[in-house]
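*Asks:* next comes the sequence, and after it the predicted model I'd like to discuss.
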Amino acid sequence: MSSKQISLILFGCLAACNLFGQQDSLNTFCGHPVVLDAQSKIVPWSTPRSRAYDQFLRIRWNFIKTKVPNCPGPGLRSSYPQYYFYCAFKDSSNLLLPDGWMNDVGEKIPNWFESARLYYAYTGDIEPMNITKGLVDYSLEHGITPSSYSWPNFPQTASDAGETEFRGFTTAKRFSADDVQVDHAGDIGATYYRMYLFYGDMKYKTAAIKVADALAKKARTGNGTQSPWPYVVNMKSGKIISDYGANWFGCIRLFDMLIAAKAGDVNAYKNVRAKVREWLLQYPMRNGLWVDGHTDNRITGTDNLSNMSASNAGLYISDNPEFDPGWKNTLPFLIKWTEDNFVFHSAPGEPSTMWGANIVSEQVTFMPKMDYQTARYAAQCARWYAVTGDTSYREKAYRALNWVTYCNDETGKAFESPVSKGVNSWWSDCYGEGPRMFYHALGAVPEWAPPGEDRILYSQSVLKNVSYQSKKVQYTATEGNGTEFLRLAFNPAAITLNGVKISPGSAGKEGYAVRDLGNGDYAVRIMRIRAGDVVVMEF
């Protein structure tokens, strides 16, 4: 997402707001009575509060499953839900109308996939994965550049609102047809390969390799004003529209997976990955120029700082600390970078904190506070707390997530920017990018998951064949060198990988660790070197 279209009409419950967008009074926020604890700090509105994050995740997906109307006609378009061809929705007296600004394909697909695959692991409910599969399949059929282009077989990252063929966002005259954000195309390529891991269909693997091949061929030497790939390029002509961007961790992840699988031109991928890694460590990690414009904002130069770029860096390094030898300094620095640039700087008249929660803006050219950016910040804080035990970061994460739980009604209809007036709710942000951050937090702080239940809280790896049975959890890990975080209502007596018992172990070995949460619940961390079938059981 990015420079969100500021509508002239206030939709839905915005009409009832006075102080800030969705704040009806000092005691009501987004239609919910504000609940404060003894410290006068925000706690979730829903009860029981021990299940508040669980409820948030479930009602957001339930909204997608049951509440989204099809697109307005004519023809083919009217056969698809609105999220296929529009970036956002307007709420007019509980009637969802499509936002006519654009369609942010390059952000929606990767974020929905991540949200869906983590929800599937958490619940065993495969429906969100199948919904997302429809979006991915459609993009393969209607949003890939021809083989004759300068950047061939590459994903389109945006389209005009309502268009059923994805050829770029042109209506605002910011871009021309076939202008693509290379970083988001890399994110889509990584999604294609992860779809292959989950569904086993070779078309996804083939598409991912084609994206990686184009990235490898087009990589260049970066410097302070030129990134290893240009940020925006016209795919047909090869003309560079924007020379600098810093959101390259989707591309890094694509290369990681293909290298590990020995798929495609592995030597080329290794060389380019090393070049991009060196640039990231030398430039944005040092100078703080985490820059992008999302899919609808034309930027040039290095001025448009963006929280997404820095947050993606922090989350990737949390999963892969070996990427950055200075990670113990980098991770808290990135959190402070967000606070300095996007918490304590705000759009005119908007707060930096509410009821003890730091709330986060998006990018320099669009500073309203956003629910999904606040969730990103919370995920980073929770992950750092898990490393250090510093409770100040747990507190920051807790209050920020609590604030995010207010950003929808009881059906899961989202209010993306509830302290702003007229910012519509984007499908990619509200139903992909924001919810997926909760799993990072739950993995880091399993006490926040529902008590008395068995849940896979977080895994960087794609998991399939998830099954929850009485005193037994099982799944198939599709990638090696992975770690799964679980909360269980039983103390596991045995954990097997491919039928062989693994034992409590330390870093670098296959094993597991168990922590007693009290009242019969346990936090379990499973470390794997190999892919395969994992079974966790009481006896």
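*Replies:* Alright, I've got the coordinates. Residues are numbered from 1 along each chain as shown.

*Asks:* assess the claim that residue 90 and residue 98 are in contact.
*Replies:* Yes. Here residue 90 lies in contact with residue 98, judged by Cβ atoms under 8 Å, at a distance of 7.5 Å. Every C-beta, even on glycine, is put in place using the N, C-alpha and C of the backbone.

*Asks:* model confidence for the residue nearest to the spatial centre of the chain, exactly?
*Replies:* Residue closest to the mean C-alpha point of the chain, counted by Cα atoms, centre = their mean, is residue 433 at 3.5 Å. Note on residue 433: pLDDT of 98.

*Asks:* just the pLDDT for the nearest residue in space to residue 52 that is not next to it in sequence.
*Replies:* Leaving aside its sequence neighbours, residue 52 sits nearest to residue 44 (Cβ to Cβ, 6 or more residues apart in numbering; 3.4 Å). pLDDT recorded at residue 44 is 97.

*Asks:* quick one: residue 44 and residue 57, what's the gap?
*Replies:* Counting by Cβ to Cβ, to the nearest Å, the gap from residue 44 to residue 57 is 12 Å.

*Asks:* ok, now residue 142?
*Replies:* Distance, residue 142 to residue 57, by Cβ to Cβ: 30 Å.

*Asks:* which of the two has more neighbours?
*Replies:* residue 57 (22 against 16; other Cβ atoms under 10 Å).

*Asks:* the residue nearest to residue 52 reaches residue 405, doesn't it?
*Replies:* Yes. Assessed by Cβ under 8 Å, residue 44 is found in contact with residue 405 at 4.6 Å.

*Asks:* give me the common contacts of those two.
*Replies:* 52-53, 56 (Cβ atoms under 8 Å, 6 or more residues apart in numbering).

*Asks:* now, among the residues you listed, which is nearest to residue 470?
*Replies:* Among the shared contacts of residue 44 and residue 405, residue 53 lies closest to residue 470 (Cβ to Cβ), at 24.1 Å.

*Asks:* tell me the contacts of the closest one?
*Replies:* Counting by Cβ under 8 Å, 6+ apart, residue 53 has contacts 44, 401, 405, 438, 441-442, 448-449.

*Asks:* again, only using 10 Å
*Replies:* Contact analysis of residue 53 by Cβ atoms under 10 Å, 6 or more residues apart in numbering lists 44, 46, 401-402, 404-405, 435, 438-439, 441-442, 445, 448-450.

*Asks:* closest to residue 348 among the residues you listed?
*Replies:* Comparing those against residue 348 with Cβ to Cβ places residue 404 closest, at 22.9 Å.

*Asks:* count the residues that sit near the closest one.
*Replies:* So residue 404, with other Cβ under 10 Å, has 28 neighbours.

*Asks:* buried ones in the one helix or strand it maps to?
*Replies:* Counting by DSSP states H and E, the element that carries residue 404 is helix 391-405. Residues of helix 391-405 classed as buried: 393-405 (neighbour count, 16 or more other Cβ atoms under 10 Å).

*Asks:* nearest to residue 169, of these?
*Replies:* residue 404 (27.7 Å).

*Asks:* in this structure that closest one contacts residue 437, no?
*Replies:* Yes. In this structure residue 404 lies within contact range of residue 437 using Cβ atoms under 10 Å: 8.5 Å.

*Asks:* and the pLDDT for residue 422?
*Replies:* Residue-level pLDDT assigned to residue 422 equals 84.

*Asks:* could you list every helix and strand that the helix or strand harbouring residue 206 packs against?
*Replies:* Following DSSP H and E, one finds residue 206 within helix 202-218. The elements that helix 202-218 packs onto, with contact taken as 3 or more Cβ pairs under 10 Å, 6 or more residues apart in numbering; DSSP states H and E, are helix 127-142, helix 182-199, helix 249-261, helix 266-282.

*Asks:* what's the most buried one of these?
*Replies:* Comparing the helices and strands packed on helix 202-218 by mean neighbour count (mean count of other Cβ atoms under 10 Å), helix 182-199 comes out on top with a mean of 26.

*Asks:* and that helix, what other elements does it pack with?
*Replies:* Applying 3+ Cβ pairs under 10 Å, 6+ apart, we find helix 182-199 packed against helix 105-123, helix 127-142, helix 202-218, strand 232-234, helix 249-261, helix 307-319, strand 463-469, strand 472-477.

*Asks:* now the last one against helix 105-123, angle please.
*Replies:* Taking axes from the mean of the first three to the mean of the last three Cα atoms, to 10 degrees, one finds that strand 472-477 is oriented at 150 degrees with respect to helix 105-123.

*Asks:* related to what we said a few turns ago, common neighbours of residue 90 and residue 98, please.
*Replies:* Jointly contacting residue 90 and residue 98 under the rule Cβ under 10 Å, 6+ apart are residue 424.

*Asks:* neighbours of the residue lying closest to residue 285 once chain neighbours are set aside, just the number please.
*Replies:* The spatially closest residue to residue 285, leaving aside those adjacent along the chain, is residue 330, at 6.3 Å (Cβ to Cβ, 6+ apart). A total of 21 residues lie near residue 330 under the criterion other Cβ under 10 Å.
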